[in-house]
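>>> Let me see the structure of the following:
(one chain, ligands or ions: 1)
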Amino acid sequence: MRKTLIVSYLARGERSNTKKILDAFSSCVKGSSVEDLDLCKNVPDFFLPERLMVYYERNYGGQKIDPKRESVIKKMDEMAAQFKSADIVVIAAPMNNFSFPAPLKAYFDSVMQKGVTWTIGANGYEGLMKGKKALVITSSGGVYEGESAGYEHFSSLARAEFGLMGFETVEIVSAAGLNMFPEKAAALVTEASEKVKTIAEAWYSLTI
Ligand SMILES: Cc1cc2nc3c(=O)[nH]c(=O)nc-3n(C[C@H](O)[C@H](O)[C@H](O)COP(=O)(O)O)c2cc1C
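Residues are numbered from 1 along each chain as shown. Take a look at the predicted model:
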């Protein structure tokens, strides 16, 4: 059975509009096991100096690290192993300051490990997550089109990161403009919810 991993940072809890869209997706998941990782409860580690040294020595240098010292990177390794074991990865988080909320950025830093989810082969960068699918569900107060498109670093970052890891399909569904157009917010959330349901119906129609 396929495995779906849902990684969320929804700090407004039940009031979150991003959560409403995620709930619409979740209601259509079938024929898959589901694991939830709540980044508000399980906050990823950062690459502070000792952790970064272990990562460099082990993942780039191929060195065997003393287990006691290596334990500093255990949480990153657990998150990377869980990520790697999923066939479908769903990210749900709002835009914060034009990009990912910090815990989500730290999550990608945890799972984008050289030799685990990507590597450098004879032909350069190579993703190790080939054949897998990702869905990114987000919402934002503003709309990033035309002249303001260059300020949008959430979707572009998600595409770059999943792309480097070799994901076969990356879908991004955003309810944009929720604060700019409060009178339209409910309709924008409904529209995004319909889009994620259509994606779920396509992805989960085949039982493998
Ligand atoms: C700390 C913070 C930073 C934000 N930064 C942006 C931003 O850069 N651009 C934007 O359009 N909206 C920004 N917003 C608005 C949220 O993205 C928007 O309200 C979103 O729909 C909230 O999602 P939620 O209902 O799931 O919490 C920010 C909100 C917060 C709390």
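
>>> show me what contacts the residue nearest to residue 132 when sequence neighbours are not counted?
In space, and not counting its chain neighbours, residue 132 is closest to residue 167: 5.3 Å by C-beta to C-beta, 6 or more residues apart in numbering. (Glycine included, C-beta is placed from N, CA and C.) Residues near residue 167 by C-beta atoms under 8 Å, 6 or more residues apart in numbering: 89, 127, 129-130, 132-134.

>>> Who wins on neighbours among those residues?
Among the contacts of residue 167, residue 89 has the most neighbours (other C-beta atoms under 10 Å), with 25 neighbours.

>>> hmm, back to that, got TSV for the contacts of residue 167, with pLDDT too?
Below are those laid out as TSV (pLDDT from 0 to 100):
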residue	pLDDT
89	98
127	98
129	98
130	97
132	98
133	98
134	98
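
>>> so how far is the ligand from the residue nearest to residue 179 when sequence neighbours are not counted?
Sequence neighbours aside, residue 141 is the residue nearest to residue 179 in space, at 3.2 Å (criterion: C-beta to C-beta, 6+ apart). Taking C-beta to the nearest ligand atom, to the nearest Å as the measure, residue 141 falls 3 Å from the ligand.

>>> thought residue 141 was touching residue 185?
No. Contact between residue 141 and residue 185 fails when scored by C-beta atoms under 8 Å: they sit 9.8 Å apart.

>>> Can you check which residues contact both of the two?
177-179.

>>> Could you look up the SS state of the residue nearest to the spatial centre of the chain?
For the chain, residue 91 is the residue whose C-alpha lies nearest the centre (C-alpha atoms, centre = their mean; 3.9 Å). The local conformation at residue 91, judged by DSSP: H, G, I helix; E, B strand; the rest coil, is strand.

>>> ok, now which ones touch it?
By C-beta under 8 Å, 6+ apart, the contact set of residue 91 is 7-8, 104, 134-138, 158.

>>> Show me what counts as buried in the lengthiest helix in the chain.
Secondary structure assigned by DSSP state H gives helix 185-203 as the longest helix of the chain. For helix 185-203, the neighbour count (16 or more other C-beta atoms under 10 Å) marks 185, 188-189, 192-193, 195-196, 199-200, 203 as buried.

>>> Repeat that for stretch 136-154.
So for stretch 136-154, counting by 16+ other C-beta under 10 Å, buried means 136-140, 142-144, 152, 154.

>>> same thing with stretch 115-130?
Going by 16+ other C-beta under 10 Å, stretch 115-130 has these buried residues: 116-118, 127-129.

>>> Report the two of those separated the most.
Greatest spatial distance in the buried residues of stretch 115-130: 116 and 127, 11.1 Å, computed using C-beta to C-beta.
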